[in-house]
Every structure is written in C-alpha cells, then in structure tokens.
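**Q** predicted model, plus sequence, below.
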Amino acid sequence: MNNSDKVTIALVSCGSEYAGIQKELESAASSLNAELVYPEMDVASMDTIGGEFGLEVASPDLRLMMARAKAVVEGVAQVDAVFVATCFRCAEAAIVRNEVRRYIFEDSGLPVISYSFTERTTAATLLTRMEALTTIAKSKHLLAREIQEGLTAGIDSGSTTTKAVVMRDDEIIGEGWVPTIKVLESAEKALQQALDQADVKREDLQSIGTTGYGRFLIGDHFNADLMQEEITVNSKGAVYLAKTQQGNATVIDIGGMDNKAISVQDGIPGMFTMGGVCAGASGRFLEMTSKRLGVDITELGDLAIKGMQKNVEMNSYCIVFGIQSLVNSLAKGATPEDVAAAACHSVVEQIFEQQLQEIEVKEPLVLVGGSSLIAGVPKALEELLKIDVVVPPYAQHIGAVGAALLVSGFVDKE
Amino acid sequence: MSGEDVDEITKIMVIDSDSVLPSDAAMKIYESDVDITIKETCFGTMVTGPRDSVEKVVAEVRALDPNHVFVKQRGFPPGDERRCRASRGGGPRPGFHYLRNEVATLPIISKALDEYETYNPAEKKESPDKISPSKLKDIIESEL
Amino acid sequence: MAKIFIYPTNSLILSDLVERFGHKPLAMMEKIREKITTVGVDSPPINITPEDPKHGLKYASVEVPAGVRGRMSIVGPLIDEAEAAIIVLDSASAFGCMGCARANELTKFLARQRDIPRLEVKYPRTEEEGKDFVYQIAEFLKSLSKEEDEE
C-alpha cells in the first residue's frame, strides 16, 4: 500500500467521465478510503499498443485502456488495485474490457474488477464492487487461503435465510439453516444448530467469520474476526466446495431474494453482476410455484425433472404474470411436472436475461444457493447454456463455508 | 473557478518559428499590462485571463510571425485539479496525445502557409484503383 | 463570419486555420470550458452529469452506450449550430472527447446530414500534401466569406 491505509485504484476506462457516472465512481471510492487515479503511461506507446497487445480496435480510448493496463502490469504506474470499466452495450469495449482484465490479473497479480456502466449506474451499485476490490487489495494473503485449519465457524446472514457451518481441519462438521426473522436471533439459532451437530461448544471455536446482509450486526455480536461482503466470500466458498480453486470458474448464486453471477479467477472474483430487482429471477418464484402446486419446495425439483417445459406456454417471466401463465396451463391440462419444469426454466431464462449479459461464462459453471438444490434448476441451466453445471455439496451453505474457510487465516496468528 | 461571471478563457499558443522563441512570446505577454497569467508547457504557452485580454495578447504574439504561431482555445485552465496530472495521480490529459501529433505536423502547415499565396494546386492525383483479380493472378503466377 | 464545425473537434490546426481565415471555429474546447465552469462540478473531471447522456438521446437511441450519448451531448449541439463544416479524414488518434470510434462515426454522419457547405480533406503526411491541405481549407473558408458578402 502506498501510504497509510489508502488504497490506490487505477481507473482503466474508455471514458467513464463522458457517461455521467464519474461522480458516482469517485464517491464510491472515497467512501472506502480509496483514491482513483489514471495510470501513468508512455504516450509513445499509444501508436503501437494495438499491435503489441494483438487487439486492434477502432476506438483510441480503448487503445488508451490497453496502454494504461500495460503501464500497470509493468509497474510504471504504482497502484494497489485496478477497476476496469466500459460502457454497457458496446461490443468493441466488452472485448477489450475482458482481455484487459485477464491481462492485468494474470500478469500483475493485482486485484482487478471490471464493470460495464450506463448513465444510471449509482454509487451504491459501485460500492459493493469497490468494496470487494479494496478488501481483495488489503487482504490478498487471506484470500489466497485454500485450506481450512483449526476449528472455525462461518455465518451467512442472508435476506431470506441464515446459514451457519462449523469446520474443523478442512472438513464441515456441522451445519445450520434457519429462515431469517430477527437477524441476531436467527444467527444464534443457525449457529447453535451447527454447533450441536458438530458436538462442539461455542467457546471452543477459534474464530468466527460473517457475511451476507447482516454481517456487521452479527459480526459485532459474535465478535467475529472477519466481516466480509458476500461476493468475495461466496466466490471462495463455491470454488472451494466445487474443488476448482485454481483457474477460471463461473459462479451463479440463486438466493431467495437476489442472485449473483460471478466470474472467478483463482478463487478471486473478477466481473460480477448482482440481481435483486426481479422476483422472477429468484428462488421466490419457485416457492410460489410449489405453493400453487401444493407441494413442498423440496419436492419441486424432482417433479421438474420428470416434466416437459415445452408443454407449458409462458408469456412472461414475471412473478405475477408468469405464475398466472402456469396456473392457466394447469387449467388447460398441463401436468404438475410440466409446470414445475416450466417454472425452473423461467427462473433460469430470467437469470440469463438479467445477469449473464455482462459476464463471460467460463467453465466450470458452479451453481450455488438454495435454488440450486431444486434439481430442475441446474437441468434447465444446462439446457439453456449448453454446458455442464456443477452443483457442489453444501451448495446452499457456500457463504457460511467461505466465511469459515477465510477466517481460519486468523487462527494461525493465535 | 472564479465563481463570478467573468468570461475567462485559456488559449494555448504553439510556436514553430525560427525567429520567435517561446521565451520571446512570454516576454511579449509580460510586457503587456493586461490581467492574465501564463504557463509554459512542453508544447506551448497557455494564456489564461478575461477573454478580451487573452485575444489581445494572442493577436500580438501571432503578429510576431503569423504563419508560425498556432492558437487554439483550451477547455481546462492549466493545473485544474480535476484534470491535472499532479493531483489526479498520473497519466497525461487525453488531449495531450492528439496535440502531440498535431505539433509534429506544424512545420508542414507553416510551410504551406508561407507558400499559400504562390501555391498552384496541381492536378488532383487520384489514388489508384484496386488491382483487378486477373492482374493479381498474373502477378502471383509470375512470382511462383 | 461563419460558424464552422471542425472534425476532429479538438484540432489545433483546424481551429487555428478557421480563425486565421476569419471565421469562428465551433470547437469542443469551448464546450468543455462551459461544462467545467458550470457552478458545482458534480462529475469531475468534466461536468457531464447523468442528465447529459439523456440529452444525447436526441442524437442516438437509448440502446447506444452512455459514453457515446454523453459525448454526443457535447458535440451534437455544435453540429446543430454549424453553418459550414470541415472534416479531416484519416487523422491521427485523438482521445477523450474524440476517443470513441462509435461517437466519431456518428459525429461525421450527422455533420454530413446537415445541408451546409462541407469540405473533407485528408490529414497531410508530406510537405506537398500539406500545401494542398492548407490551400483547400483556405479556399473553402474564403468561398464562405464571398457567399456572405454576396448576401
């Protein structure tokens, strides 16, 4: 780090200042005690960078991005992290953005996150990304951890459910899962479930890590050593459980209320999108469907596997109108199996529409979150993307597992 | 920012002259008693002040060697902390790259201006058409 | 004195030649100056606010990236205001305002759509080309003055 705790972030962009979002970028950075800088670079390199990089593009500002990336990689520009940003819906820029991110990540080892913006991008949207970026910059040694050591617990305080795990020497020995009602009480319950199953006393835990919406509240309550946003933690947890900690991976996390699609490299998040504006792309859609079918949510998956999505005509992926379509099709004679399959397909379609537009889908594709346990969902995703989908064990607990894994970095110090 | 309604502008003067040096231009500006500030950079002299004063000084310097002094307005005043290399932590301003290219072309433009009155535009030289496929085929075969 | 739209919009040479031959260059720099001296710079370094890409909708639809529309919100009004245009083709790379190829393509297109006198010349690479370049621009600018005199 350059001085004190201030994180210097190189802004590598083809013109965020022309898209009306510069203020949002700056305010997100400054709220995290970070500073955005334009990397120093050799002006003469502008004329040759296209050929050198092997990517000849028409826009000079994209060449500027490559030159700035090169300056970062070669250490001409001294920075702690890199934020790569281009306009949403620009094909030329999307290609450069992805290649520049990969180049910086592979050749410099610096944390790098990329993003495609519109004029509606707000500081709040950018904040999670910048927070992930600055924490990766500050705690890189922590994120390098691939093995859980000692006796630790992780608690994931999500919007719909609270999950906890207890791990000992790289093994999950207890798990807890409760609906989130009161944040603290639910966390207490989930942790107690995990402790009971592990047959461990709370005072024996060497360290606790928290993540999810309620991470700060429960983190303070449990005196946690680590309170980390869920992008970093879930990425780590997912690739750990799927045993793909090295190289590329794509993590899709379908939660009860929001989704994340994260492009991961060596266990560290690169590009990601977060949902949360559409119930039609969430587990809630599946919950509603199972209610209408009169089955438990846990039975929906098996039902879906037996059904044919094609037998149900859906005019909308919306949780209101889409469910209406499903009900209508039942009246027209569709089977519950077909409806269950159509519901899984619908959720996956909506995730494709909303979240996979901005990230590259690199194999292996790891599907996690509660909805991944509904067998129809991974199947529908495989059909849609034409690739194999990996659902790791404990897929609904990745946040808690990621937190327990990462926080074991604090055990060593004791 | 002044915050007042003074129409303040910045012009950049680039001098490509054997007879006038940037320092001569600077002297000329210092001599004038108008309320302006100047800053010399690697590519030119920046003059900032009220519009009329800047126009007046620029005209005076231009008069020293008209075909070899080039002027354009600049968006940012020199050292503006929103854009300045020092405070933004690095990297030249975007306009710098293009200015560098244009400055390299100035000798050609100066010479053309010197000779403008006597220049006789030659017949338009059309760029040759693409070679026909049959001709290209002949060439390939003869080279093999 | 005619208002001349120049392309590249930040060109020293074009801006200088237009002024030298008695016209007013409609250059990007003046617009940028306006932007950055607008009270309360919300969006450093250039005061392009989220509203500007919306003004750009006049020139390109919402499916066109925000950075293109933001740039068009600066350059578009210059094209609207122009009484004549000089477009230099094939010039070296320019950055920033001129750094997006898509915005540049649209800029040239819109300038060509206007029913105004227009000159398109190639960026000079040799002395000979330089003479022709200056000659063509000078004659074009002078012809505009003549038209004005005749009116």
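**A** Thanks, I have it.

**Q** domain map for chain A?
**A** A:7-138, A:151-231+A:398-410, A:244-391 (automatic domain parsing).

**Q** name the residues linked to the closest residue in space to A:Asn223 that isn't next to it in sequence by a beta bridge.
**A** Nearest non-adjacent residue to A:Asn223, counting by C-beta to C-beta, 6 or more residues apart in numbering or on different chains: A:Ile208, 7.2 Å away. Just so you know, the C-beta spots here come from the backbone N, C-alpha and C atoms, and that holds for glycine as well. Note on A:Ile208: beta-bridge partners A:Ala153, judged by DSSP bridges.

**Q** with mean pLDDT and distance to B:Ser134 added, can I get the domains of chain A in CSV?
**A** Below are the domains of chain A laid out as CSV (pLDDT from 0 to 100; distance: least, C-beta to C-beta, whole Å):
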stretch, mean pLDDT, distance to B:Ser134
domain A:7-138, 89, 31
domain A:151-231+A:398-410, 95, 61
domain A:244-391, 88, 45
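
**Q** how about A:Val166, what does it touch?
**A** By C-beta atoms under 8 Å, 6 or more residues apart in numbering or on different chains, the residues touching A:Val166 are A:151-153, A:172-175, A:194-195, A:197-198, A:200, A:205, A:404.

**Q** roughly how far apart are C:Lys24 and chain B?
**A** According to C-beta to the nearest C-beta, to the nearest Å, C:Lys24 and chain B sit 11 Å apart.

**Q** surely that residue touches C:Ser15?
**A** No. The criterion here is C-beta atoms under 8 Å, and C:Lys24 misses it with C:Ser15 at 9.9 Å.

**Q** any idea how far chain C is from B:Asp18?
**A** For B:Asp18, the distance to chain C - C-beta to the nearest C-beta - is 17 Å.

**Q** around the closest residue to that residue other than its chain neighbours, count how many other residues there are.
**A** Distance criterion C-beta to C-beta, 6+ apart; nearest residue to B:Asp18, sequence neighbours excluded, is B:His68 at 7.8 Å. Using other C-beta atoms under 10 Å in any protein chain shown, B:His68 is surrounded by 21 other residues.

**Q** returning to that earlier point: more crowded one of C:Lys24 and C:Ser15?
**A** C:Ser15 (28 against 14).

**Q** surely that one touches C:Pro25?
**A** Yes. C:Ser15 sits in contact with C:Pro25 when judged by C-beta under 8 Å, with a separation of 4.4 Å.

**Q** now do the shared contacts for those two.
**A** What both C:Ser15 and C:Pro25 touch, as defined by C-beta under 8 Å, 6+ apart, is the set B:Lys72, C:Ile6.

**Q** wait, doesn't the residue nearest to B:Asp18 sit right on B:Ser17?
**A** Yes. Judged on C-beta under 8 Å, B:His68 makes contact with B:Ser17 at a distance of 3.6 Å.

**Q** give the residues shared as contacts by those two.
**A** B:Ser110.

**Q** ok, which stretches of the stretch 151-300 of chain A are strands?
**A** Secondary structure of the stretch 151-300 of chain A (DSSP state E, counting those that start in this stretch): strands at A:151-157, A:161-168, A:171-179, A:207-211, A:226-227, A:248-254, A:259-265, A:268-274.

**Q** okay, those strands in JSON lines with distance to C:Ser43 next?
**A** Listed next are these as JSON lines, based on distance: least, C-beta to C-beta, whole Å:
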{"stretch": "strand A:151-157", "distance to C:Ser43": "35"}
{"stretch": "strand A:161-168", "distance to C:Ser43": "40"}
{"stretch": "strand A:171-179", "distance to C:Ser43": "43"}
{"stretch": "strand A:207-211", "distance to C:Ser43": "33"}
{"stretch": "strand A:226-227", "distance to C:Ser43": "32"}
{"stretch": "strand A:248-254", "distance to C:Ser43": "33"}
{"stretch": "strand A:259-265", "distance to C:Ser43": "29"}
{"stretch": "strand A:268-274", "distance to C:Ser43": "24"}
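
**Q** A:Gln350 is nearest to which of the ones you listed?
**A** A:Gln350 lies closest, by C-beta to C-beta, to one member of the strands of the stretch 151-300 of chain A: strand A:259-265, at 9.1 Å.

**Q** strand partners of the closest one, parallel vs antiparallel please.
**A** Strand A:259-265 is paired, per DSSP bridges, with strand A:248-254 (antiparallel), strand A:268-274 (antiparallel).

**Q** and the contacts of the last one?
**A** Read that as strand A:268-274. Against strand A:268-274 from outside (C-beta under 8 Å, 6+ apart): A:98, A:101, A:105, A:111-115, A:128-129, A:132, A:136, A:143, A:231-232, A:235, A:258-264, A:354-360.

**Q** change it to 6 Å
**A** In this structure, residues lying in contact with strand A:268-274 by C-beta atoms under 6 Å, 6 or more residues apart in numbering or on different chains are A:101, A:114, A:132, A:143, A:231, A:235, A:260-263, A:355, A:358-359.

**Q** low-confidence ranges in chain C?
**A** By pLDDT under 70, the weakly predicted segments of chain C are C:39-42, C:151.

**Q** separation between the residue nearest to B:Asp18 and C:Asp16?
**A** Separation of B:His68 from C:Asp16 (C-beta to C-beta, to the nearest Å): 11 Å.

**Q** swap in A:Gly402?
**A** Taking C-beta to C-beta, one finds A:Gly402 at 60 Å from C:Asp16.

**Q** can you pick out the residue with more neighbours from these two?
**A** A:Gly402 (28 against 22).

**Q** tell me which element that one falls in.
**A** For A:Gly402, the element it lies in under DSSP states H and E is helix A:398-407.

**Q** any idea how far that helix is from the chain center?
**A** 14 Å (C-alpha atoms, centre = their mean, to the nearest Å).

**Q** who are the packing partners of that helix?
**A** strand A:151-157, strand A:161-168, strand A:207-211, helix A:230-241 (3 or more C-beta pairs under 6 Å, 6 or more residues apart in numbering or on different chains; DSSP states H and E).

**Q** longest helix in chain C, please.
**A** Counting residues, the longest helix found in chain C (DSSP state H) is helix C:127-150.

**Q** just chain B next, same as before
**A** helix B:94-114.

**Q** who are the packing partners of it?
**A** helix C:12-20, helix C:127-150.

**Q** so how far is the helix or strand following it off the chain centroid?
**A** Sequence order places helix B:133-143 as the next helix or strand after helix B:94-114, per DSSP H and E. Per C-alpha atoms, centre = their mean, the displacement of helix B:133-143 from the mean C-alpha position of its chain is 46 Å.

**Q** pLDDT of helix B:133-143, averaged?
**A** Averaging pLDDT along helix B:133-143 gives 89.

**Q** quick check: buried residues in it?
**A** Buried positions in helix B:133-143, judged by neighbour count with 16 or more other C-beta atoms under 10 Å in any protein chain shown: none.

**Q** what's the answer for stretch C:131-141, then?
**A** So for stretch C:131-141, counting by 16+ other C-beta under 10 Å, buried means C:Lys131, C:Asp132, C:Phe133, C:Val134, C:Tyr135, C:Gln136, C:Ile137, C:Ala138, C:Phe140, C:Leu141.

**Q** for the residues you listed, give me CSV that also has distance to chain B.
**A** Shown next, in CSV, are the buried residues of stretch C:131-141 (distance: C-beta to the nearest C-beta, whole Å):
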residue, distance to chain B
C:Lys131, 4
C:Asp132, 6
C:Phe133, 7
C:Val134, 4
C:Tyr135, 5
C:Gln136, 8
C:Ile137, 10
C:Ala138, 6
C:Phe140, 12
C:Leu141, 12
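
**Q** residues contacting A:Ile359?
**A** Here A:Ile359 is in contact with A:Ala261, A:Ser263, A:Met271 (C-beta under 6 Å, 6+ apart).

**Q** what about the last one, how many residues nearby?
**A** Neighbours of A:Met271 under the rule other C-beta under 10 Å: 23.

**Q** how close does it get to chain B?
**A** Distance from A:Met271 to chain B, by C-beta to the nearest C-beta: 23 Å.

**Q** ok, what's across the strand from that residue?
**A** With DSSP bridges as the rule, A:Met271 is bridged to A:Ser114.
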